[in-house]
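In: give the three-dimensional model of this entry:
(one chain, ligands or ions: 2)
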Amino acid sequence: MNPRYGKSQNPALLDVSALMAGEMRTMPFERQFVMHLKEDEYALREPAVMAGTLTNMAGYITFEATLTVKYTAVCCRCLDETVQTFTLDLDYPVADQLENSDTEEYLIPVAGKIDLEELARLHFMLHLPYRHLCREDCKGLCPRCGHNLNREACSCQPEL
Ligand SMILES: [Zn+2]
Ligand SMILES: [Zn+2]
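Out: Ligands and ions are numbered 1, 2, ... in the order given. Model (predicted):
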């Protein structure tokens, strides 16, 4: 549980109990929440954002949302910090646990709520690229003197 919020106000918990109880409608939402990562490898710049809609159409409930996370990573060429934006579209059916055996394909609310932070963390860690570049044409470091060639050229002679 996120210690910054009281249990009822945790913005990462999306209450879907009305739809689960049979209310037929479309419920747009946009939530910002702090994502807690186990590793500190990626510094999160600001709260994660999950925005989308929940729809109950004839008893079939769908969750569609876009996750946006701004984070800092280290450029694999020049080792500078680089700010990256991660976005991912998510699309899930929502169901009660008892109805399905293949639960990985579904979002299963707990006590009528979907935990957006858990969902965000799962997809962030799963889809994050292994290598980051500060920019496509990053020149990297000089192999001889270690100078960051994005900033200025060094005086090393090019290898012959
Ligand atoms: Zn770089
Ligand atoms: Zn050099």
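In: now do the host helix or strand of L119, average pLDDT.
Out: L119 is part of helix 116-127, with elements assigned from DSSP states H and E. Across helix 116-127, pLDDT averages out at 93.
In: just stretch 18-31 next, same as before
Out: 93.
In: please enumerate residues in contact with it?
Out: Stretch 18-31 is contacted from outside by 11-12, 14, 16, 49-59, 61, 65, 94, 96, 109, 112, 116, using C-beta atoms under 8 Å, 6 or more residues apart in numbering. C-beta here means a position set from N, CA and C on the backbone, and glycine is covered the same way.
In: swap in stretch 55-70?
Out: For stretch 55-70, using C-beta under 8 Å, 6+ apart, the contacting residues are 16, 19-20, 22-27, 29, 35, 44-46, 48-54, 83-95, 107, 114, 119-120, 123-124.
In: contacting ligand 2 as well, which ones from these?
Out: Near ligand 2, judged by C-beta under 5 Å from the ion, there are no entries from those.
In: just the ones of those in helices?
Out: Judged by DSSP state H, the contacts of stretch 55-70 include 19-20, 119-120, 123-124 as members of helices.
In: which of those residues has the largest number of neighbours?
Out: A120 (24 neighbours; other C-beta atoms under 10 Å).
In: now for this protein, the helix or strand with the poorest mean pLDDT.
Out: strand 43-44 (a mean of 82; mean pLDDT, DSSP states H and E).
In: hey, where'd the strands end up in the protein?
Out: 13-15, 26-33, 43-44, 48-57, 60-74, 81-94, 113-115 (DSSP state E).
In: same list (those) but as TSV, adding distance to G140 and mean neighbour count.
Out: Below are those laid out as TSV (distance: least, C-beta to C-beta, whole Å; neighbours: other C-beta atoms under 10 Å):
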stretch	distance to G140	mean neighbour count
strand 13-15	43	21
strand 26-33	35	15
strand 43-44	22	14
strand 48-57	30	18
strand 60-74	13	18
strand 81-94	13	14
strand 113-115	40	18
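In: so can I have a markdown table of those strands showing distance to C142?
Out: What follows is these, written out as a markdown table (distance: least, C-beta to C-beta, whole Å):
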| stretch | distance to C142 |
| --- | --- |
| strand 13-15 | 50 |
| strand 26-33 | 42 |
| strand 43-44 | 27 |
| strand 48-57 | 37 |
| strand 60-74 | 18 |
| strand 81-94 | 19 |
| strand 113-115 | 47 |
